[in-house]
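S.K.: sequence and computational prediction follow.
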Amino acid sequence: MVELDGEAPLRVQLADLVAARIADGTYPPRTAIPSGAELAAECDVSPRTATEAVKILKARGLVRGVPGKAVIVKADALDVLKSAAPDSE
């Protein structure tokens, strides 16, 4: 969850949380993630923080916005996450 006294900024923590949910299948590819307002309410952060978290997810190549609709998990999001993961060796 998002921690006020965590080392990373809240927006990064929230982006990491959503990325983890993409990785574990909570938000599968080609489906919408919760709205910024829903993420903000769930994690008790400001809507601006949630918006910034979504921007981070877009920059990481995990989601894309559909104007007037939603933010969708990209089809190749799991591949992006695997390629970004540190080697386990």
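M.R.: The structure has been received and is ready for your questions.
S.K.: helix, strand or coil for the most centrally placed residue in the chain?
M.R.: Most central in the chain under C-alpha atoms, centre = their mean is residue 18, positioned 3.4 Å from the mean C-alpha point. Each residue gets one of three states, and residue 18 gets helix by DSSP: H, G, I helix; E, B strand; the rest coil.
S.K.: got a list of what it touches?
M.R.: By C-beta atoms under 8 Å, 6 or more residues apart in numbering, the residues touching residue 18 are 27, 33, 39, 53, 57, 62. For the C-beta atoms, the positions are set from N, CA and C on the backbone; glycine is no exception.
S.K.: now tabulate the residues you listed in CSV and tack on pLDDT.
M.R.: Compiled in CSV, those are given as follows (pLDDT from 0 to 100):
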residue, pLDDT
27, 97
33, 97
39, 95
53, 97
57, 98
62, 98
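S.K.: what's the closest of the residues you listed to residue 7?
M.R.: Among these, residue 53 lies closest to residue 7 (C-beta to C-beta), at 16.1 Å.
S.K.: surely that closest one meets residue 9?
M.R.: No. Residue 53 lies out of contact with residue 9 (C-beta atoms under 8 Å); the separation is 9.5 Å.
S.K.: between these two, which one's more packed in?
M.R.: The neighbour count for residue 53 versus residue 9, taken as other C-beta atoms under 10 Å, is higher for residue 53 (28 against 13).
S.K.: so where do the helices sit in the chain?
M.R.: 10-23, 36-43, 47-59, 77-84 (DSSP state H).
S.K.: what helices or strands is the second one leaning on?
M.R.: Translated: helix 36-43. Applying 3 or more C-beta pairs under 8 Å, 6 or more residues apart in numbering; DSSP states H and E, one finds that helix 36-43 makes contact with helix 10-23, helix 47-59.
S.K.: mind showing which ranges of the chain have poor pLDDT?
M.R.: Residues of the chain meeting the criterion pLDDT under 70: 87-89.
S.K.: which residues touch stretch 73-83?
M.R.: With C-beta under 8 Å, 6+ apart, stretch 73-83 has contacts from 19, 22-23, 27-33, 60-64.
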